[in-house]
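Participant: Got a predicted structure plus its sequence, pasted below:
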Amino acid sequence: MTALRIVHGAAALAGAGSLAATLWTGLDERGVALAFGVLIAVGELTRWSDAEVRQAAPLATAGSLSYALLGAVAGRPTQADAAQVVTVVLAAALLGAVPHIWRGRTPTLDHLARRVLTVGFAAVCFQPLYNEGVFASWSGPAYALLLVALLCLTALCDAVLAAALAHSRTRWPFGPLLREELRGLLGIGSAVCATGAVMALGVAVAGLWALPVFCLPLLLTQLSLRRYAAVRATYRQTIASLARATEIAGCTPTGHARRVAALSLAVGRDLGLTGGELTVLEYAALMHDIGQLSLVDPVPAGATADLPAAQQRRIALLGGAVVRQTGVSAAVAVVVERQADPYREQPVAARIIRAVNAYEEKTRDAGPEGPLRALEELRLGTAGDYDPQVVESLARVLAQPRAWRESAPVAGDGRRTALSDPPRGWVTHG
């Protein structure tokens, strides 16, 4: 938690110091500060959480960055310093967060800390030099490229902070988390940076009326992203419903697929899987037992880990065929149908599901000593059945109850499902 305390402490010091400096010197350009403050507050009001439970406020972010890089309004140089920028952004973000707090969707400290530090970074890099006239001779493309370069550096700073905070909270590997954050910059992140630069340039030429004009494209983009997120949530819920077919038919115990999916996602995170790899892993884990629906004689309690290899492969192939007929991605079908192969021939997702499924079955009704005994049996099977790296990753994850909460499958509304029966062996805390 060292990184978590450092980031939160730095954000608190920056916010408190900026507020004190602004109260001491007074607020310059009050009309400009009010206009950007309203924009940021409205952006926070439209904030939402996507399927990965990330706080997304593109309009507020773009407004904050444009204010940090604002040099003039309608051709007249501004007088705001970096402290005032941070104060206005922090006050507006807190104001916009009030309805979310009232509805029980309290924003995390990480969200506010990242906002304060990234905006402060951009403002400190730009405002002092601009106020001293360093950029007075910069005009046209050179000035625009300067803003773009500063925004790129700010985005990289935010990505590093996000990865560090996630690593501190979840103990997932920092490298894959950073790659996932950088990959996100290519999507909505690039649109946010571009809008921030365009708003700063537009206000410098046309005045504050440029703000609503240049916000409209980003608002439309945000609306499209929310619809896309809703479609993805519905798709996930459909797959979760298909996975429950084995439970309804009595082939597998209630909650088995969800427990395997939650634990598989945690192991995948620990092994460095990101993005689409985790999506395929989640879908395949939810549907890994669907081949049992094609059996004439059901497997007792749905436990396939101790079946003969030939029978395991038959069930896996039947499952892959069913998945292909549902229209789910072919990559998911491949993982399902190869989960019974020797681990050296399996994709990583299939290795994870095989080990996690075996662990879940071996700990079922096994008593207090079940988890340790199951891990020992998995380690003994690493000669040919289970990947040693996956087994050791599973052991690490079981010692980190936070990983279950962060990796639990999502429900149809985009929120993580709270499993009433978490994977066995986890020590849960309130």
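Facilitator: In hand now; what should we look at?
Participant: Every contact and neighbour count from this point should use C-alpha atoms.
Facilitator: Noted.
Participant: how far away is the residue nearest to Ala240 when sequence neighbours are not counted from Leu394?
Facilitator: By the measure of CA to CA, 6 or more residues apart in numbering, the closest residue to Ala240 outside its immediate chain neighbours is Leu286, 6.5 Å from it. Taking CA to CA, to the nearest Å as the measure, Leu286 and Leu394 are separated by 18 Å.
Participant: Who has more neighbours out of those two?
Facilitator: Neighbour comparison, Leu286 and Leu394: the larger count goes to Leu286, with 28 against 23 (by other CA atoms under 10 Å).
Participant: contacting residues around the more buried one?
Facilitator: The neighbours of Leu286, taking CA atoms under 8 Å, 6 or more residues apart in numbering as the test, are Ile239, Ala240, Ala243, Ala257, Arg258, Val260, Ala261.
Participant: looking at this, Leu375 is in a strand?
Facilitator: No: under the criterion used here (DSSP: H, G, I helix; E, B strand; the rest coil), Leu375 is helix, not part of a strand.
Participant: Name the single longest helix found in this protein.
Facilitator: When every helix of the chain is counted residue by residue (DSSP state H), the longest turns out to be helix 210-243.
Participant: Any buried residues in that one, and which?
Facilitator: Along helix 210-243, the positions that meet the burial threshold by neighbour count (16 or more other CA atoms under 10 Å) are 210-211, 214-215, 218, 221-222, 229-230, 232-234, 236-237, 239-240, 242-243.
Participant: Need the contact partners of the next helix or strand after it.
Facilitator: With elements assigned by DSSP states H and E, the helix or strand that comes after helix 210-243 is helix 245-248. Here helix 245-248 makes contact (CA under 8 Å, 6+ apart) with Thr252, Pro253, Thr254, Gly255, Asp289, Ile290, Gln292, Leu293.
Participant: which one among these gets closest to Leu178?
Facilitator: If you rank those by distance to Leu178 using CA to CA, Gly255 comes first, at 32.4 Å.
Participant: phi, psi of that closest one?
Facilitator: As for Gly255, its main-chain torsions (degrees, to the nearest 10) stand at phi 80, psi 0.
Participant: what's around it, how many residues?
Facilitator: Counted with other CA under 10 Å, residues neighbouring Gly255 total 17.
Participant: Now do it against Ile248, distance only.
Facilitator: Using CA to CA, Gly255 is found at 11 Å from Ile248.
Participant: Give me the pLDDT value at Val260.
Facilitator: Note for Val260: predicted pLDDT of 91.
Participant: Am I right that it is in contact with Ala355?
Facilitator: No: no contact is recorded between Val260 and Ala355 when judged using CA atoms under 8 Å, the distance being 9.6 Å.
Participant: Compare the two (neighbour count), which wins?
Facilitator: For Val260 versus Ala355, neighbours defined as other CA under 10 Å are more numerous around Val260 (31 against 26).
Participant: For Ala305, report the pLDDT, please.
Facilitator: We have a pLDDT of 78 for Ala305.
Participant: Looking at the contacts of Leu286, which two lie furthest apart in space?
Facilitator: The widest separation within the contacts of Leu286 (CA to CA) is 14.3 Å, between Ile239 and Val260.
Participant: what about Thr279, neighbour count?
Facilitator: By other CA under 10 Å, the residues close to Thr279 number 16.
Participant: Quick check: phi and psi on it?
Facilitator: Dihedral angles phi and psi of Thr279 (degrees, to the nearest 10) take the values phi -60, psi -50.
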